[in-house]
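Peer 1: only geometry, no sequence info:
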DNA sequence: TATTGTTATACTCTATAACTATA
DNA sequence: TATAGTTATAGAGTATAACAATA
């Protein structure tokens, strides 16, 4: 197995361009452009959500649980590419906040079905509204058609990777 | 200061789409699309470079040093949004490999100028060729004009963040 | 006093391995 | 035996703080 690969950036400290610096090959790389965009989104996500413990991954987990009631942890692990203990920890986080509950499976008693609680539904609703506003902010210089184009072009990259 | 935010994914394990899963809001978010694209690039970078210790950040560091001879560590720290000890560690990595050298500054003896060695130039040349091939592979389903469009649209996001 | 770089330390995230319980 | 989930452990990466040298 490959060793772990972290992608941390001191939040808010990364500048996509600095005057007087020659970026060499980096400026012509799609990969580096995507990285720049990703860091911008990432930073703004935390500003918008304003709760450092809610990471994009934790947010995505809550969205997926909301959209797929009864999901099992092993599926979350597959979905986001985290090992099983990582899925345990993701669910623990939201369970401690009272947003999700583990229900013992009827058919297979090794696994749980994960469900939103009432509080979870409300929190998710609020979070989704915040994230939608953050999206609007981040794409404020794009027309609707440009936004569609961007998502289509990205799909051409990740859907065949 | 905000706490650290990691963006790790078990390399190669993340799947951008899984059958039978409802992605809910995530499918309509530009931010999640960029994340999917970024993970694809990240995974393929490691496959292409085939040396786990060479991360995209370390590669970018070598590129920037090559394009800006005499760069100081504090500038690398600013450039990539890492704290100063992070810059020390980045330079240590390449110095141990014999690819860069620290030269004591003539004007300001607090700082070093960082320069590629002969080996560093050769390794950088090789790495850049590998990364260019990786880029071609990742964008193989995009025409040249689509590639340009993608980079332009991303720039509209990160240049005003 | 402020800045550059280093070292020591602490913290987060997450993979691996070992375990329990079910199948 | 294989799988779902948990717990314990270890490692990578990087921020903060304290320090030395220089400005």
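Peer 2: Perfect, thanks for sending it. Please read these numbers as outputs of a predicted model, since none were measured by experiment.
Peer 1: Could you list the low-pLDDT ranges of chain A?
Peer 2: Within chain A, the stretches with pLDDT under 70 are A:1-9, A:161.
Peer 1: where do the strands sit along it?
Peer 2: Taking DSSP state E, the strands of chain A run over residues A:100-104, A:112-116.
Peer 1: Return the most buried member of the ones you listed.
Peer 2: strand A:112-116 (a mean of 20; mean count of other Cβ atoms under 10 Å in any protein chain shown). For the C-beta atoms, the positions are set from N, CA and C on the backbone; glycine is no exception.
Peer 1: wait, does that one make contact with DNA strand C?
Peer 2: No - against DNA strand C, strand A:112-116 shows no contacts by Cβ under 7 Å from any atom of the strand, the least distance being 11.2 Å.
Peer 1: how far is stretch A:29-46 from where the chain is centred?
Peer 2: Centroid separation for stretch A:29-46 versus its chain: 13 Å, with Cα atoms, centre = their mean, to the nearest Å.
Peer 1: got it, and stretch A:38-57?
Peer 2: So, by Cα atoms, centre = their mean, the centroid of stretch A:38-57 is 9 Å from its chain's centroid.
Peer 1: and chain A, which of its residues are near DNA strand C?
Peer 2: Applying Cβ under 7 Å from any atom of the strand, we find that chain A lies next to DNA strand C at A:1, A:4, A:53, A:55, A:57, A:81-86, A:89, A:105, A:107-110.
Peer 1: Any idea what the residue lying closest to residue A:112 once chain neighbours are set aside is bridged to?
Peer 2: Using Cβ to Cβ, 6 or more residues apart in numbering or on different chains and skipping the chain neighbours, the partner closest in space to residue A:112 is residue A:102 (3.8 Å). Taking DSSP bridges as the rule, residue A:102 bridges to residue A:114.
Peer 1: ok, now how distant is residue A:102 from residue A:95?
Peer 2: 7 Å (Cβ to Cβ, to the nearest Å).
Peer 1: Likewise for residue A:14?
Peer 2: Residue A:14 is 33 Å from residue A:95, by Cβ to Cβ.
Peer 1: Can you get me a residue count around the residue lying closest to residue A:72 once chain neighbours are set aside?
Peer 2: Counting by Cβ to Cβ, 6+ apart, residue A:72 lies nearest to residue A:111, which is 4.6 Å off, once chain neighbours are set aside. Other residues within reach of residue A:111, judged by other Cβ atoms under 10 Å in any protein chain shown, total 14.
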